[in-house]
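Novice: My questions are about this predicted structure, shown below with the sequence.
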Amino acid sequence: AQSVAQPEDQVNVAEGNPLTVKCTYSVSGNPYLFWYVQYPNRGLQFLLKYITGDNLVKGSYGFEAEFNKSQTSFHLKKPSALVSDSALYFCAVRDMGGSYIPTFGRGTSLIVHP
Amino acid sequence: SAVISQKPSRDICQRGTSLTIQCQVDSQVTMMFWYRQQPGQSLTLIATANQGSEATYESGFVIDKFPISRPNLTFSTLTVSNMSPEDSSIYLCSVEEASGYEQYFGPGTRLTVT
C-alpha cells in the first residue's frame, strides 16, 4: 500500500523569506515522488519529481525538493518566496513496484504575504 | 509535455440530467485518468481509461453513474448521469507522461447541479 501525508493545511510566509512545504510518504518498495501546484481556478501543474539519482531535484519556478529516504520525506522548498507562489500544493507518491496510480496528499495552501 | 483541453469549462445543470465532459490530448497516450476535486481539496480518482478496454473504476464509483468512453489514444469522455447536487464538483482529466511518470492535467470542468 502507498500513502502520502501533508501535515500542514496552510503555510504562511513573508515574501522574500524561504519556504518549506512538507510531505512524508509510505510505500512498500521504492518511491516515485511528485509535487504539483494548483493556482486559483486553474488545473494542476507538474512542478518536479524524484525518480532516481540525486536526492535534490530542481523544478519549475525556482522550486526544489529533497528526497530523504531515512525520513521518508520529500519536502518542497524555495529560497525566496514570491507573492505569486501563493497556491495549493500537492505531493504525490507512486510505488515503483506497485500500482501505476499515484496517491495524492490532501494539499497545502501556501500563502505568501507582501 | 502533453497539452490537455476539456469541454465544457463549466456548466450548471438540473438534477436528474446528464452531462458529458470531453477531454482532448495533443498527443497519443496510453492511460487517461478522471478525477473529482472539491474546490481547495484533494483529488479523488474516479477511473482509469485505457484505449480499447473497459475503464477501471475506483471504489465508490460505478459505470452506470460515470460511463467513460475512450475511442482513441487522444480522446476520452466522462458522463455524469442522473445528477444530484452531491455531484457538484470540479472534474479533471489527466494523462501520464510515458517516459517520466508525471501527470499532466486538463483545466477542469466546474459542474454545479441545482
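Specialist: Sure, I can see it.
Novice: and the residue lying farthest from the centre of chain B, what pLDDT?
Specialist: No residue in chain B sits farther from the centre than B:Ser99, which is 22.3 Å out by Cα atoms, centre = their mean. Note on B:Ser99: pLDDT of 76.
Novice: same check, this time on B:Arg36
Specialist: 96.
Novice: Partner strands of the helix or strand harbouring A:Tyr89 and their direction?
Specialist: If you go by DSSP states H and E, A:Tyr89 is part of strand A:87-95. Using DSSP bridges, strand A:87-95 pairs in its sheet with strand A:31-38 (antiparallel), strand A:103-104 (antiparallel), strand A:108-113 (antiparallel).
Novice: Please identify the most buried of the ones you listed.
Specialist: strand A:31-38 (a mean of 24; mean count of other Cβ atoms under 10 Å in any protein chain shown). Glycine gets a C-beta too; all of them are placed from N, C-alpha and C.
Novice: hmm, who's touching it?
Specialist: A:2, A:21, A:23, A:25, A:44-51, A:59, A:61, A:63, A:65, A:67, A:74, A:76, A:87-96, A:102, A:104, A:107, B:101-103, B:105 (Cβ atoms under 8 Å, 6 or more residues apart in numbering or on different chains).
Novice: tell me the mean pLDDT for that strand?
Specialist: 96.
Novice: Dihedrals phi and psi, the residue nearest to the spatial centre of chain B?
Specialist: Nearest to the mean C-alpha position of chain B, by Cα atoms, centre = their mean, lies B:Trp34 at 3.4 Å. Backbone geometry at B:Trp34, expressed as degrees, to the nearest 10, gives phi -120, psi 130.
Novice: Could you count how many residues lie near the residue lying closest to it once chain neighbours are set aside?
Specialist: Of all residues not flanking B:Trp34 in the chain, B:Ile46 sits nearest, at 4.4 Å (Cβ to Cβ, 6 or more residues apart in numbering or on different chains). B:Ile46: 23 surrounding residues under other Cβ atoms under 10 Å in any protein chain shown.
Novice: Noted, bye for now.
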